[in-house]
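K.L.:
Quick one, structure for this:
(chains A, B, C and D)
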2 protein chains.
Amino acid sequence: MDAAVQYHETHGSGRRVTTDTPRFQQVVQDFKSQIANGTLVQHAALPSERRIADEYDISRMTARRALDALEAEGLVYSEDRRGRFVSPKRVSYDVSKMVSFVAEADSRGLALEIEVVRAMKSQADAMVAEQLGVEHGAEVYAYTRLFRNNGHAIFVETEFVNARRCPGFLEHDLHQSTTRLLEARYDLSASAGDIAILMRAATAEETNLLGLAKNSAGIELTQIIRDSSGRSFCFGRQFWRGEAARFSARAIVERSVHD
Amino acid sequence: MDAAVQYHETHGSGRRVTTDTPRFQQVVQDFKSQIANGTLVQHAALPSERRIADEYDISRMTARRALDALEAEGLVYSEDRRGRFVSPKRVSYDVSKMVSFVAEADSRGLALEIEVVRAMKSQADAMVAEQLGVEHGAEVYAYTRLFRNNGHAIFVETEFVNARRCPGFLEHDLHQSTTRLLEARYDLSASAGDIAILMRAATAEETNLLGLAKNSAGIELTQIIRDSSGRSFCFGRQFWRGEAARFSARAIVERSVHD
DNA sequence: TGTGGAATCTGGTATATACCACAATGTGGA
DNA sequence: TCCACATTGTGGTATATACCAGATTCCACA
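P.N.:
Okay, the predicted model is just below:
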């Protein structure tokens, strides 16, 4: 256990003209390579912090730093007291298609599982009321669902539907596309939608459901679905693991539809 | 050193059994409050790590943990060896409007500054060639610009334009909206666009230009701009500070085949 | 009135150590 | 055979310390 503090610079494969590559960055780079070249496939377990520290001859805290960096980048996820694993590949979500993500995923063969976390009748708060175009305090159905792909949680969604327009909504099976449900049962078909995407930190519940590390960031996607008369009948808020998705959209200037 | 670590369990309800609140979370919460209630306004300096450690009677590393968490959430940004500061408010970007963000920002009174980092004629690599619909190796103009709002860097963008369609492009002033430039000088008006949004880690250059912490995540937004005939003439890739923006879009259902 | 340089401050990296709480595994006894 | 219990492993939190290098400040000297 000699030579604790050494700070010798291993200029070796020095590419960067910067000062000196921090040791933890070496670990980061190594694992990035291993993930990129397939040595580590998705969901494969990484060595433990202690093992990495040992192998690289660094302290556990430094190993941890490297792993935290990989996690922050989304290349790796961790399960509390079980280990760290390679993140699966991103899924694509075309937000321009108002077909529910569920339906879209189905058609592309994604094994999407839905867990209903919570479902209840409640009253619209200011936010929900504005989005749904109902009175403050009006009855709405609110339900939260967790979406997994191959067993791996990728996002959690809370949706609000206008109770007056969708009586008995919660009696239906929520393990399916909401869009389809609304269309089949209530003759409400999506005609347009407003979508917003932003990056933010996960709330406590999202952290738990998605199995995220504390204070980690992800992507919030909110959408308001409107019928052909422009009235909104469904408001949803999704929170995605940051590394789990790629969102695409198509923009068309003005209203001119050519075809 | 007397115990000082107490860890009595409060037994939550779900699967997770939350133990005692970690000390660093207290710091996180405090600053969150101060930012929320306006005690700390945007760009205000937070106390240094050492000062926080002192005031909360925690170690510097624990204080650092708290600050890192705040930074990961985007509430705070740090400047190397200068300090940590409260992040400014998000800007909104409607990606459905094919008007350049610059133009849109102007009209809303944002003080947007553009710094041209790099501008050159180069040859399309596989990626760029595909997006622009040109031959691999075809001549393109490539330029990188850094965008600041009130002096605070918010995103960096690299755009590629088809050199054949836009001769002498780089001779124009790039401190303006590209969309406008293309329209005014080359009669190329945006008619549609494909946009993709995803969260990822910053590259080394992005880290430097945006003044980010190492390995921090942000949002990549790529867009392909097409003319009325569907041909693409501009391909751009933006990397945004994660906390800096909110992206909105409007989706319209195109009734087609229903499976 | 500068101006150069030292002192001080800041975040960044790194180590060593300790304990906690839960997960997985292994072992012995009923 | 099956279950209770101990052992081991893992990530999570926390402390104390050290040095680095750039940013800032301020003061003495020209």
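K.L.:
can you give me the strands for chain A?
P.N.:
Per DSSP state E, chain A carries strands over the ranges A:76-79, A:83-86, A:91-94, A:112-123, A:139-149, A:152-162, A:192-201, A:217-226, A:232-241, A:245-252.
K.L.:
In JSON lines, list those strands along with distance to residue B:44, mean neighbour count and mean pLDDT.
P.N.:
Where C-beta positions appear, they are placed from N, C-alpha and C, glycine not excepted. Formatted as JSON lines, the strands of chain A follow (distance: least, Cβ to Cβ, whole Å; neighbours: other Cβ atoms under 10 Å in any protein chain shown; pLDDT from 0 to 100):
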{"stretch": "strand A:76-79", "distance to residue B:44": "33", "mean neighbour count": "18", "mean pLDDT": "93"}
{"stretch": "strand A:83-86", "distance to residue B:44": "36", "mean neighbour count": "18", "mean pLDDT": "96"}
{"stretch": "strand A:91-94", "distance to residue B:44": "37", "mean neighbour count": "19", "mean pLDDT": "93"}
{"stretch": "strand A:112-123", "distance to residue B:44": "38", "mean neighbour count": "14", "mean pLDDT": "94"}
{"stretch": "strand A:139-149", "distance to residue B:44": "36", "mean neighbour count": "20", "mean pLDDT": "95"}
{"stretch": "strand A:152-162", "distance to residue B:44": "33", "mean neighbour count": "22", "mean pLDDT": "95"}
{"stretch": "strand A:192-201", "distance to residue B:44": "20", "mean neighbour count": "21", "mean pLDDT": "94"}
{"stretch": "strand A:217-226", "distance to residue B:44": "22", "mean neighbour count": "23", "mean pLDDT": "94"}
{"stretch": "strand A:232-241", "distance to residue B:44": "28", "mean neighbour count": "24", "mean pLDDT": "95"}
{"stretch": "strand A:245-252", "distance to residue B:44": "33", "mean neighbour count": "21", "mean pLDDT": "91"}
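K.L.:
Using the record's domain definitions, break chain A down for me.
P.N.:
Per automatic domain parsing, the structural domains of chain A span A:23-86, A:91-248.
K.L.:
closest one to DNA strand C among those?
P.N.:
domain A:23-86 (3.1 Å; Cβ to the nearest atom of the strand).
K.L.:
and the closest one with DNA strand D, contact?
P.N.:
Yes - against DNA strand D, domain A:23-86 shows contacts by Cβ under 7 Å from any atom of the strand at A:46, A:48-51, A:61, A:64, A:78, A:80-84.
K.L.:
coming back round to it: could you provide the domains of chain A in a markdown table, with additional columns for distance to chain B?
P.N.:
Below are the domains of chain A laid out as a markdown table (distance: least, Cβ to the nearest Cβ, whole Å):
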| stretch | distance to chain B |
| --- | --- |
| domain A:23-86 | 4 |
| domain A:91-248 | 4 |
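K.L.:
which one of those domains lies closest to residue B:145?
P.N.:
Across the domains of chain A, residue B:145 has its closest neighbour in domain A:91-248 (21.3 Å, Cβ to Cβ).
K.L.:
Now do the end-to-end distance for the closest one.
P.N.:
11 Å (Cα to Cα, to the nearest Å).
K.L.:
got CSV for the domains of chain A, with distance to residue B:248 too?
P.N.:
Shown next, in CSV, are these (distance: least, Cβ to Cβ, whole Å):
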stretch, distance to residue B:248
domain A:23-86, 23
domain A:91-248, 5
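K.L.:
Make TSV from those and add distance to DNA strand C to it.
P.N.:
Shown next, in TSV, are these (distance: least, Cβ to the nearest atom of the strand, whole Å):
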stretch	distance to DNA strand C
domain A:23-86	3
domain A:91-248	11
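K.L.:
right, and the ones you listed - which one's nearest residue B:151?
P.N.:
The nearest among the domains of chain A, by Cβ to Cβ, is domain A:91-248 at 21.8 Å.
K.L.:
now that closest one: how far from the chain's centre is it?
P.N.:
Between the centre of domain A:91-248 and the centre of its chain there are 12 Å (Cα atoms, centre = their mean, to the nearest Å).
K.L.:
Does at least one residue of that domain sit close to DNA strand D?
P.N.:
Yes - Domain A:91-248 lies within reach of DNA strand D by Cβ under 7 Å from any atom of the strand, at A:213-214.
K.L.:
Tally up the residues packed near residue A:38, please.
P.N.:
By other Cβ atoms under 10 Å in any protein chain shown, the residues close to residue A:38 number 9.
K.L.:
what do you get for residue A:170?
P.N.:
Residue A:170 has 15 nearby residues by other Cβ under 10 Å.
K.L.:
Isn't it up against residue A:120?
P.N.:
Yes - look at residue A:170 against residue A:120 with Cβ atoms under 8 Å: they come within range, at 7.5 Å.
K.L.:
In chain A, what residue comes closest to DNA strand D?
P.N.:
Residue of chain A nearest DNA strand D, by Cβ to the nearest atom of the strand: residue A:48 (3.1 Å).
K.L.:
Roughly how far does that residue sit from residue B:47?
P.N.:
According to Cβ to Cβ, to the nearest Å, residue A:48 stands 35 Å off from residue B:47.
K.L.:
Of all the residues in stretch A:175-189, which ones are buried?
P.N.:
Using 16 or more other Cβ atoms under 10 Å in any protein chain shown as the test for burial, stretch A:175-189 gives A:177-179, A:181-182, A:186, A:188-189.
K.L.:
May I see these organised as TSV, with pLDDT and distance to residue B:105 added?
P.N.:
Formatted as TSV, the buried residues of stretch A:175-189 follow (pLDDT from 0 to 100; distance: Cβ to Cβ, whole Å):
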residue	pLDDT	distance to residue B:105
A:177	90	37
A:178	90	35
A:179	88	34
A:181	92	40
A:182	92	37
A:186	93	40
A:188	92	36
A:189	89	36
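K.L.:
Return the member of the residues you listed nearest to residue B:100.
P.N.:
Using Cβ to Cβ, the buried residues of stretch A:175-189 come closest to residue B:100 at residue A:179, 32.6 Å.
K.L.:
The spatially closest residue to the closest one that is not a sequence neighbour: neighbouring residues, count only.
P.N.:
Nearest non-adjacent residue to residue A:179, counting by Cβ to Cβ, 6 or more residues apart in numbering or on different chains: residue A:100, 3.8 Å away. Per other Cβ under 10 Å, the neighbour tally for residue A:100 reads 22.
K.L.:
Please enumerate residues in contact with stretch A:49-66?
P.N.:
The contact list for stretch A:49-66, computed with Cβ atoms under 8 Å, 6 or more residues apart in numbering or on different chains, reads A:23-28, A:31, A:46-47, A:67.
K.L.:
buried sites along that stretch?
P.N.:
The neighbour-count check on stretch A:49-66 (16+ other Cβ under 10 Å) flags A:49, A:52-53, A:56, A:58, A:62-66 as buried.
K.L.:
still on that earlier bit, tell me if I'm right that the residue of chain A closest to DNA strand D and residue A:85 touch.
P.N.:
No - with contact defined as Cβ under 8 Å, residue A:48 does not count as touching residue A:85 (11.8 Å).
K.L.:
can you pull the contacts of the residue nearest to residue A:179?
P.N.:
Taking Cβ under 8 Å, 6+ apart, one finds A:177-180 in contact with residue A:100.
K.L.:
again, but for residue A:123
P.N.:
A:137-140.
K.L.:
Start and end of stretch A:156-172, how far apart?
P.N.:
19 Å.
K.L.:
Closest to residue B:204 out of the contacts of stretch A:49-66?
P.N.:
Using Cβ to Cβ, those come closest to residue B:204 at residue A:25, 10.6 Å.
K.L.:
No more questions from me, cheers.
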